[in-house]
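J.: take this sequence and fold it.
(one chain, ligands or ions: 1)
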Amino acid sequence: MPTKERMLITGGNPLEGEVRVSGGKNTAVAVIPATLLCDEPCTIENLPDIADVHALVDILRALGAKVDYVPNMFMTVDPRPAEGWQVSYRDSQRLRASYYLLGALLGRRQQAEVYLPGGCAIGSRPIDQHLKGFAALGAEVEQLGGRIVARAPELIGSDVFFDVVTVGGTINVMLAAAKARGTTIIYNAAKEPHIVDLANFLNSMGAKIKGAGTDVIRIRGMQYLHKANYAVIPDQIETGTLMIAAAATHGDVVINGCIPTHMEALSAKLLEMGVRVTDSDDAIRVRSNGVHRAVNIKTQVYPGFPTDLQQPMSALLTTAKGTSIVQETIYESRLKHLDEIRRMGAQVRVMDRTAIIEGVTDLYGAPITATDLRAGAALVVAGLMAKGVTEIYEPHYIDRGYEHIEDKLRSLGAVISREKGE
Ligand code: EPU
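T.: Numbering: from 1, shown residues only. A predicted model of the protein is given here:
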């Protein structure tokens, strides 16, 4: 019988030492499509070596761009030969962020065709606000046979009011508006660090974007964007996952190369649990040697507690003393990882979007299955805490967003390996 790929973790070893965080996934997947807006070649550094970045390289090449990519070194994109404006079904499905090709291609070619995106199954994830934004800029947007087709004789800057705060919608409208005629103002914009990073990248090419990081962003469209060299910011969610893993194993870890101010919501919760968190300019040290106290979590848009850290954090809470209440307000089905951790001895009740977690003293290794990227990270945290061996099936989800996760954890003393399937 063929074997399935699995990650194996022998838990119970405190993580100790120093580790460097990689470049941000959610900023990389916006910045790479943004190179299509440039009228000259661009070089991007500090990109994480993850599956989503590899998928975008293939997509840019399929559109005709010339891409030189040396993982962990640089990516140079010469968009000038890119004549394409259609992304295939297969490529669109490879990652959620394929929808940024809509904004980038509309800006570049005034037309774009992308299939509804893939990505993690954590809720219904509509993109109506993105499409409403394109329509406000003058695009005709149609949904046909699973594809979004958008066309505009000319994109014209306009006011865009979002009904919900959306990271993807804010980024997509920024991309299209960067080359529109006139000024676009986005109201009720998302404020996540990767929105600021994308604005900084576009501005480094000569775009005129103000207000990124606040809820009103002004974009003056430019006809010509010039070449730029840019390094993306460190990954906020990888940083947070490593912080949680350090606490979960009662370890002592210094995470280098991060931006501590991006981590304030998590740091505050860890401190409330009794974990020691100290930071300097670009490093955070997390230490823990006592019993953790239960805390309540409610996910919110930035700078609130990020939904992407809810899953690893709720894994940590399964062994905190007392009752923790976790409310997931962004996605309707982002608590599935707790069903798996229950197999390891966790005591959890899930009602709709709320989990009530009664802390237990120990988790025990078991075979469990990752159902999405951050669910996978949560299972890794559970495996690191558990007594005995945890087998995580479908670990490919984790590779979508964490660069060389086993190597990083092993360098801190974790006993973790991967068995390839046949
Ligand atoms: N929403 C709508 N209509 C829209 C867009 C969003 O109703 O047109 C709703 C969504 O259903 C959701 C909420 O608004 O309930 C927020 O969605 P948002 O658009 O902000 O999320 P996203 O852009 O699809 C990005 C990240 C996610 C992260 C969220 C929230 C990327 C590629 N993805 O998704 O990252 O969870 O923002 O911070 O940047 C992950 O990294 O694991 C991940 C899922």
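
J.: just checking, L137 touches L175?
T.: No. L137 is not in contact with L175 according to Cβ atoms under 8 Å; the separation is 10.7 Å. For the C-beta atoms, the positions are set from N, CA and C on the backbone; glycine is no exception.

J.: what residues are shared contacts of the two?
T.: Shared contacts of L137 and L175 (Cβ atoms under 8 Å, 6 or more residues apart in numbering): L106.

J.: what's near enough to touch V173?
T.: G103, H130, G133, F134, A136, L137, V160, T184, I186.

J.: give the next helix or strand downstream of the helix or strand harbouring the fourth one.
T.: In this case it means F134. For F134, the host element (DSSP states H and E) is helix 128-136. Where DSSP H and E defines the elements, the next helix or strand beyond helix 128-136 is strand 140-144.

J.: show me what counts as buried in that following strand.
T.: For strand 140-144, burial by neighbour count (16 or more other Cβ atoms under 10 Å) applies to V141.

J.: with stretch 181-196 instead?
T.: Buried residues in stretch 181-196 (16+ other Cβ under 10 Å): 183-186, 188-196.

J.: residues of this protein that sit close to the ligand?
T.: Within reach of the ligand by Cβ under 6 Å from any ligand atom, the chain has these residues: 26, 29, 96-97, 120, 123, 125-130, 164, 166-169, 190, 237, 306-308, 330-331, 373-374, 401.

J.: okay, domains of the protein per the record?
T.: What automatic domain parsing lists as the domains of the chain is 4-21+234-421, 25-231.

J.: quick one: average confidence on the first one?
T.: On average, the pLDDT along domain 4-21+234-421 is 97.

J.: first vs last residue of that domain, how far apart are they?
T.: End-to-end distance of domain 4-21+234-421 (Cα to Cα, to the nearest Å): 4 Å.

J.: and if you look at stretch 91-100?
T.: 13 Å.

J.: can you give me the offset of it from its chain's centre?
T.: Centre-to-centre, stretch 91-100 and its host chain are 13 Å apart (Cα atoms, centre = their mean, to the nearest Å).

J.: what is the most widely separated pair among the buried residues of stretch 181-196?
T.: Pairwise distances across those peak at 24.2 Å for T183 and P193 (criterion: Cβ to Cβ).

J.: assumed V254 was part of a strand.
T.: Yes. The assignment for V254 is a strand, going by DSSP: H, G, I helix; E, B strand; the rest coil.

J.: count of neighbours near it?
T.: 21 (other Cβ atoms under 10 Å).

J.: name the residues linked to it by a beta bridge.
T.: Using DSSP bridges, the bridge partners assigned to V254 are E18, R285.

J.: how close does G168 sit to V29?
T.: Distance of G168 to V29, computed by Cβ to Cβ, to the nearest Å: 10 Å.

J.: between these two, which one's more packed in?
T.: Neighbours were tallied for G168 and for V29 using other Cβ under 10 Å; the higher tally belongs to V29 (27 against 22).

J.: what are the phi and psi angles of that one?
T.: According to degrees, to the nearest 10, the main-chain angles of V29 amount to phi -70, psi -10.

J.: my read: it touches L56, true?
T.: Yes. Counting by Cβ under 8 Å, L56 is a contact partner of V29 at 6.4 Å.

J.: can you list residues touching both of these two?
T.: Here V29 and L56 share the contacting residues L95, A97, scored by Cβ under 8 Å, 6+ apart.

J.: for the ligand, what's its nearest residue on the chain.
T.: In the chain, the residue that lies nearest the ligand is G168 (2.7 Å; Cβ to the nearest ligand atom).

J.: that residue belongs to a helix, doesn't it?
T.: Yes. Using three-state DSSP, the assignment for G168 is a helix.

J.: residues contacting it?
T.: R96, A97, Y99, Y100, I127, H130.

J.: how near is it to R287?
T.: According to Cβ to Cβ, G168 stands 36 Å off from R287.

J.: list the residues that contact S288.
T.: For S288, the contact set (Cβ under 8 Å, 6+ apart) comprises A246, A247, H250, G251, G274, V275, R276.

J.: if you look at those, which of them are in strands?
T.: R276 (DSSP state E).

J.: give me the buried entries from the contacts of S288.
T.: Using 16+ other Cβ under 10 Å as the burial test, those include A246, A247, H250, G251, G274, V275 as buried.

J.: wait, isn't the last one in contact with R285?
T.: No. Here V275 does not reach R285: they are 10.7 Å apart, not a contact under Cβ under 8 Å.

J.: how about the strands in the stretch 251-400 of the chain?
T.: All strands of the stretch 251-400 of the chain, identified by DSSP state E, counting those that start in this stretch, fall at 252-256, 276-279, 283-287, 297-298, 323-327, 347-351, 354-358, 367-369, 389-393.

J.: which among the ones you listed is found nearest to M263?
T.: When these are compared by Cβ to Cβ, strand 283-287 sits nearest M263, at 6.3 Å.

J.: contacts for the closest one next, please.
T.: Strand 283-287 is contacted by residues 239, 242-243, 246-247, 251-258, 260, 263, 267, 270, 275-279 when judged by Cβ under 8 Å, 6+ apart.
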